[in-house]
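# dropping the sequence and predicted coords here.
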Amino acid sequence: MSIFGLMWASLFRKRTRTLLTLLSLIVAFLLFMLLQAISNAFSTSGSFNLVGIDRLVVTPKYSIIDSLPINQQQQMLNLEGVAAVTHAGWFGGNYQEPRNFFPKYPVEPYAYFSMYSELVISQEELDAFANTRRGAVVAAGLAERYEWELGDIIPIQGDIYSMQDGSRLWEFELVGTFTAREGESEAPLFLFQYEYFTEAVAAYGKDQVGWWTVRLSDSEQAAEVANEIDKLFENSRDPTRTATEDEFSRQFASQLGDMGFITAMIMSAVFFTIVLLTGNTMAQALRERIPELAVLKTVGFSDGLVSLLVLGEAVLLCVVGGVFGILLAFAMQDVLGSTLGGFIGDFEYSATLIISAIVLAIVIGIVIGAMPALTARRLTIVDALRAR
Amino acid sequence: MAEIVNCRDVEKTFIKGKEAVEVLTGINLTVDEGDFLALMGPSGSGKTTLLNLIGGLDHPTAGTVSVSGSNLNELSSSALAKWRSVNIGFIFQFYNLLPVLNARRNVELPLLLTKLSRSQRIKNAATALEIVGLSDRAKHKPGELSGGEQQRVAIARAIVADPALLVCDEPTGDLDRDTADEILELLELLNRDHGKTIIIVTHDPKAANHAQRTLYMDKGKLVEEVAA
Ligand SMILES: Nc1ncnc2c1ncn2[C@@H]1O[C@H](COP(=O)(O)OP(=O)(O)OP(=O)(O)O)[C@@H](O)[C@H]1O
Ligand SMILES: [Mg+2]
């Protein structure tokens, strides 16, 4: 036995109590890992936004997860000040594994690239895209990342959308790549034909789009046209919310800010509760152990060593809880990645996150162990032995 | 014979709220190496208090306590802790074993503070358990042992670091007659064959029979000495 062994054994003085405490710590740290990873993933997906000044983004009014009907397109085109309208949408789906995340949009080939003139593609490849039913074009960086070559068949396992025959395996043929114009950042987009999508997809999702992008004839009119569009659909089944791309990114960013804030709030509440509960348990455990601690001092353990033992136990408990929480988070990574992967960026636990979880565990251990450790240090043998 | 314990004009006063309780009022006592001393007297007379001073668990209010050549008044509390681990073995009425540790580990406890290697610690603990006749119970936790067995483990723990002096506060107070006798015989053996100096506080006249010397305390004073 070593001092550490003594610490470990003392931890399991009341087995059930320790296990329950451990369980609550594990859950707290699991939650910490998940929420932080989700929040991180959201903030990385923020970089996919392309910013243009003469474009409006039209999204479903209430939730970006809703969809909009294809027949809105013509109605918008009839409005004054609208030069062009095209659309995109979240397809979700996984390439090989959930953590291979990149946005996949069904689009109208010519219309999309003319709308997003900052995306550069050769006329040849664009034609091939328009003429190949299952064709796909991807950002050059993305093709490089997965070592795709033209002509490759890229399987995507659908999660939101399945095909009419019930299959979820969508196969696309790579027919081209595009880059971002100088000075623009390149988003890792995967684009395929909307026409193919809407034909092949099962009832759910047919003739639906995720959002509209509208080009204005005159960028000065952005506010008025946005108003017009929203008014147009106000009383329909699919009301919209229209913003300039600038605003849209800003809203997105501020929602991410909220997300970070909410995450922080939840975690503070969780850890506050943990500190109270565990702290109370620790204090109670200490009271029961006063005679034992007195014995340790009697046989020659110094005040410092005894208080270190008590503090060490608290830290040990929290670190064990933290480590198991982290392991559990890893065990759940694939499941969560596949459920969330379609909507957010890479669902990953960074080294920084793991280290901060461990540091947090140590800090919590010190916080809840501090008072008992102080009590243990001050304990006088004579009084403690008399008390029993 | 060399003296191992020397108390000079020892006084101890506890402050309870505003009241000062004078528990020891001028104790003079010497104990020689190899002695087996019994300390008797009515409840509240200050026996435990005196024993605690000799064992270095507490400081006197006045007077000096010297044990094994050290003046305990001069030692800081951490120095005193270290001193206790080398010089004194403690045995209590309620055994005071750690319930989470098995017998061997309980015995090993004081050795954690020494520089002994792990294997040496285990060996010494095994030897101590053998002396008290509990080798076969090394793996048992206190909860799985009888009162007498637990007290033996406590005795093994008290002797494992090989201190010269054992102080025992009513070591048989919680045991039945036969078990108590066994414990007393064990202490006698430690005194006789292993040369331990023993001071035992007891209410049991039969326990005192095992001692070479019995002192009586009353109201904080040593009142008479009866030769064995
Ligand atoms: N830490 C303390 N604070 C206050 N009073 C104390 C303290 N320790 C002992 N006393 C008081 O000192 C007196 C003597 O106590 P002590 O424990 O030495 O008696 P004792 O002879 O061992 O009695 P017993 O036979 O019942 O064990 C008692 O009146 C007790 O209340
Ligand atoms: Mg007493």
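Cool, got the structure. It should be emphasised that the depicted structure is a prediction, and the values quoted were computed from it without experimental measurement. Ligands and ions are numbered 1, 2, ... in the order given.
# drop to CA atoms for contacts and neighbour counts, all remaining ones
Will do.
# helices and strands around the helix ranked longest in chain A, which ones?
Identified as the longest helix of chain A according to DSSP state H is helix A:245-298. With contacts defined as 3 or more CA pairs under 8 Å, 6 or more residues apart in numbering or on different chains; DSSP states H and E, the packing partners of helix A:245-298 are helix A:15-45, strand A:55-60, helix A:303-331, helix A:351-378, helix A:381-386, helix B:77-87.
# from A:Ile262, how far off is A:Ser38?
Check again: residue A:38 is Ile, not Ser. The gap separating A:Ile38 from A:Ile262 is 12 Å, by CA to CA, to the nearest Å.
# A:Tyr204 now?
For A:Tyr204, the distance to A:Ile262 equals 32 Å [CA to CA].
# repeat for A:Glu149
Between A:Glu149 and A:Ile262 the computed distance is 42 Å (CA to CA).
# among the helices and strands packed on helix A:245-298, show me which one is buried the most.
strand A:55-60 (a mean of 24; mean count of other CA atoms under 10 Å in any protein chain shown).
# list the helices and strands that strand packs on?
Packing partners of strand A:55-60 (3+ CA pairs under 8 Å, 6+ apart): strand A:211-216, helix A:222-233, strand A:240-244, helix A:245-298.
# okay, those in TSV with distance to A:Ser117, mean pLDDT and mean neighbour count next?
TSV is the format used below for those (distance: least, CA to CA, whole Å; pLDDT from 0 to 100; neighbours: other CA atoms under 10 Å in any protein chain shown):
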stretch	distance to A:Ser117	mean pLDDT	mean neighbour count
strand A:211-216	11	92	25
helix A:222-233	19	90	18
strand A:240-244	16	87	24
helix A:245-298	14	82	17
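# how about the ones you listed in CSV, adding distance to ligand 1?
Formatted as CSV, the helices and strands packed on strand A:55-60 follow (distance: least, CA to the nearest ligand atom, whole Å):
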stretch, distance to ligand 1
strand A:211-216, 79
helix A:222-233, 81
strand A:240-244, 76
helix A:245-298, 14
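# wait, what's in contact with residue 77?
Because you didn't say which chain, this covers chain A. Listed by CA atoms under 8 Å, 6 or more residues apart in numbering or on different chains, the contact set of A:Leu77 reads A:83-85.
# I was thinking of chain B, sorry if that wasn't clear
A:Ser302.
# can the helix or strand where B:Thr13 lies be said to contact chain A?
Element membership for B:Thr13, per DSSP states H and E: strand B:3-16. No. Judged by CA under 8 Å from any CA of the partner chain, strand B:3-16 stays clear of chain A, getting no closer than 11.2 Å.
# export that strand to PDB, keeping only CA atoms.
This file holds the C-alpha atoms of strand B:3-16, laid out as PDB (Å, rounded to 0.1, in the frame of the first residue of the first chain):
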ATOM      1  CA  GLU B   3      14.300   6.300  32.700                       C
ATOM      2  CA  ILE B   4      12.200   6.600  29.600                       C
ATOM      3  CA  VAL B   5       9.400   8.900  30.900                       C
ATOM      4  CA  ASN B   6      10.000  11.900  33.200                       C
ATOM      5  CA  CYS B   7       7.200  14.300  34.100                       C
ATOM      6  CA  ARG B   8       8.100  17.300  36.300                       C
ATOM      7  CA  ASP B   9       5.400  19.400  37.900                       C
ATOM      8  CA  VAL B  10       3.000  18.800  35.000                       C
ATOM      9  CA  GLU B  11      -0.200  20.700  35.000                       C
ATOM     10  CA  LYS B  12      -2.900  20.700  32.400                       C
ATOM     11  CA  THR B  13      -5.800  23.100  32.300                       C
ATOM     12  CA  PHE B  14      -8.600  23.000  29.700                       C
ATOM     13  CA  ILE B  15     -10.500  26.200  28.900                       C
ATOM     14  CA  LYS B  16     -14.200  25.400  28.500                       C
END
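# pairing partners for the helix or strand just after that strand, with directions?
The helix or strand immediately downstream of strand B:3-16 is strand B:19-32, counting by DSSP H and E. Partners of strand B:19-32 in the sheet, by DSSP bridges, are strand B:3-16 (antiparallel).
# off-centre distance for the partner strand?
Distance, stretch centre to chain centre, for strand B:3-16: 16 Å (CA atoms, centre = their mean, to the nearest Å).
# and that strand, which residues are buried?
Going by neighbour count (16 or more other CA atoms under 10 Å in any protein chain shown), the buried part of strand B:3-16 is B:4-7, B:10-12.
# pull the most distant pair out of those.
Farthest-apart pair in the buried residues of strand B:3-16 is B:Ile4 and B:Lys12; separation 20.9 Å (CA to CA).
# any low-confidence regions in chain A?
A:41-53, A:183-185, A:248-257, A:337-347, A:388 (pLDDT under 70).
# what does it put close to chain B?
Counting by CA under 8 Å from any CA, the positions of chain A adjacent to chain B are A:1-3, A:6, A:9-10, A:12-13, A:291-292, A:295, A:297-303, A:381-382.
# list the helices and strands the strand ranked longest in chain A packs on?
The longest strand of chain A (DSSP state E) is strand A:169-180. Judged by 3+ CA pairs under 8 Å, 6+ apart, the packing partners of strand A:169-180 are strand A:119-120, helix A:123-131, strand A:135-139, helix A:140-145, strand A:153-157.
# with mean neighbour count added, can I get these in a markdown table?
Shown next, in a markdown table, are the helices and strands packed on strand A:169-180 (neighbours: other CA atoms under 10 Å in any protein chain shown):
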| stretch | mean neighbour count |
| --- | --- |
| strand A:119-120 | 18 |
| helix A:123-131 | 17 |
| strand A:135-139 | 25 |
| helix A:140-145 | 16 |
| strand A:153-157 | 18 |
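# which one, of the ones you listed, ends up nearest to B:Gly173?
strand A:153-157 (77.0 Å).
# now that closest one against strand A:169-180, angle please.
110 degrees (axes from the mean of the first three to the mean of the last three CA atoms, to 10 degrees).
# just to revisit the earlier point, can you put the helices and strands packed on helix A:245-298 in a markdown table and add distance to B:Gly147?
Below are the helices and strands packed on helix A:245-298 laid out as a markdown table (distance: least, CA to CA, whole Å):
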| stretch | distance to B:Gly147 |
| --- | --- |
| helix A:15-45 | 24 |
| strand A:55-60 | 77 |
| helix A:303-331 | 27 |
| helix A:351-378 | 27 |
| helix A:381-386 | 18 |
| helix B:77-87 | 25 |
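# with adjacent residues omitted, what lies nearest to residue 179?
In the absence of a named chain, chain A is used. Leaving aside its sequence neighbours, A:Thr179 sits nearest to A:Val120 (CA to CA, 6 or more residues apart in numbering or on different chains; 5.2 Å).
# think we crossed wires, I meant chain B
Of all residues not flanking B:Thr179 in the chain, B:Gly148 sits nearest, at 5.8 Å (CA to CA, 6+ apart).
# B:Asp178 is in contact with that neighbour, correct?
No. Between B:Gly148 and B:Asp178 there is no contact under CA atoms under 8 Å: 9.5 Å.
# those two: which has the busier surroundings?
Set B:Gly148 next to B:Asp178 and count neighbours by other CA atoms under 10 Å in any protein chain shown: B:Gly148 wins out with 21 against 10.
# any idea how far that one is from ligand 1?
Distance, B:Gly148 to ligand 1, by CA to the nearest ligand atom, to the nearest Å: 20 Å.
# show me what contacts that residue?
B:Gly148 touches B:175, B:179-180, B:183, counting by CA under 8 Å, 6+ apart.
# repeat that with 10 Å
The contact partners of B:Gly148, taken as CA atoms under 10 Å, 6 or more residues apart in numbering or on different chains, are B:95, B:154, B:171-172, B:174-176, B:178-183.
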